[in-house]
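Novice: make a model of this:
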Amino acid sequence: MNYPNIVKGSFINRPNRFIAYVQILSGDGEEKTVICHVKNTGRCKELLLPGVTVLLQYHPEASVLGRKTEYSLIGVYKKREKDTLLINMDSQAPNLAAYEWILGSESVCDVKREVTYGQSRFDLAFQLIGKDESGCVTHTPAFMEVKGVTLENHNHALFPDAPTIRGIKHIEELIHAKNDGYEAYLLFVIQMKGMTGFSPNEETQPEFKGALKKALAAGVHILAYDCQITENSMIVDQPVPLILD
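Specialist: Okay, the predicted model is just below:
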């Protein structure tokens, strides 16, 4: 997925979870402060620190579309001890990136987004293409729930960054789908590169680890993939080891 009209800026503050103030350079080279829509309602306290470099998407059509702001905050350069790490923090990006990734697979077909099943709504639904013992082509229905990951500690990705009752509910729904005969997947899209492993964040929500273990025991496929990140793109890339112990 790609972002047009990317602008760099310096983060000032975030008065609430929906907006932030960022300093950028105007077209004539003068500094100005703009109000941005933050495309991530999570806390992100370890990312959005005063003075860090952030990435904004400029929306020239904002007034026509009725947007309240001309800019969206979609990325940040996280300062670490020895380097900086580029992180996409757009909470809408993982679903689209996962959709593009699934479409590129030769082992699936009939990919759909936001599909209702019973009382649930999954991010993706598709047919797995396989063969039976006689060599005939088979199609197995599957559901996938996608979670974006922006929290890291010493090159180890963690989720969630805040307690999520909704996230545990989604895991329970995947277990139900699996018990009903569907294949079920939980995909963690790690919105950065260079991670050595992925784990549930026990410090933030101990119950989430238990929910993942329950899902694995039920046959739900739990995947973690990092992404190729640039200032104007994000592409699902390589698997990252899942560490639950």
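Novice: most centrally placed residue in this structure?
Specialist: The chain has Gly148 as the residue nearest its centroid, 2.1 Å off, counting by CA atoms, centre = their mean.
Novice: surely that residue touches Leu96?
Specialist: No: using CB atoms under 8 Å, Gly148 is not in contact with Leu96, being 10.6 Å away. The way it works is simple: take the backbone N, C-alpha and C, and place the C-beta from them, glycine included.
Novice: returning to what we had before: just checking: what are the partner strands of the helix or strand in which the residue nearest to the centre of the chain is found?
Specialist: Assigned by DSSP states H and E, Gly148 belongs to strand 137-149. Using DSSP bridges, the strands paired with strand 137-149 are strand 120-131 (antiparallel), strand 183-190 (parallel).
Novice: so which of those is nearest Ile35?
Specialist: Nearest to Ile35, of all the strands paired with strand 137-149, is strand 183-190, at 27.8 Å by CB to CB.
Novice: what's the closest one in contact with?
Specialist: Residues outside strand 183-190 that contact it (CB atoms under 8 Å, 6 or more residues apart in numbering) are 93-94, 97-98, 128, 140-149, 157, 159, 170-171, 174-175, 177-178, 198, 212, 215, 219-227, 236, 240.
Novice: can you dump the C-alpha coordinates of the lowest-mean-pLDDT helix or strand in the chain into CSV?
Specialist: Lowest by mean pLDDT, DSSP states H and E among the helices and strands of the chain is helix 62-65, with a mean of 86. What follows is helix 62-65, C-alpha atoms only, in CSV (Å, rounded to 0.1, in the frame of the first residue of the first chain):
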residue,chain,number,x,y,z
ALA,A,62,-9.7,17.9,2.5
SER,A,63,-12.2,20.8,2.2
VAL,A,64,-14.1,19.0,-0.6
LEU,A,65,-14.3,15.8,1.4
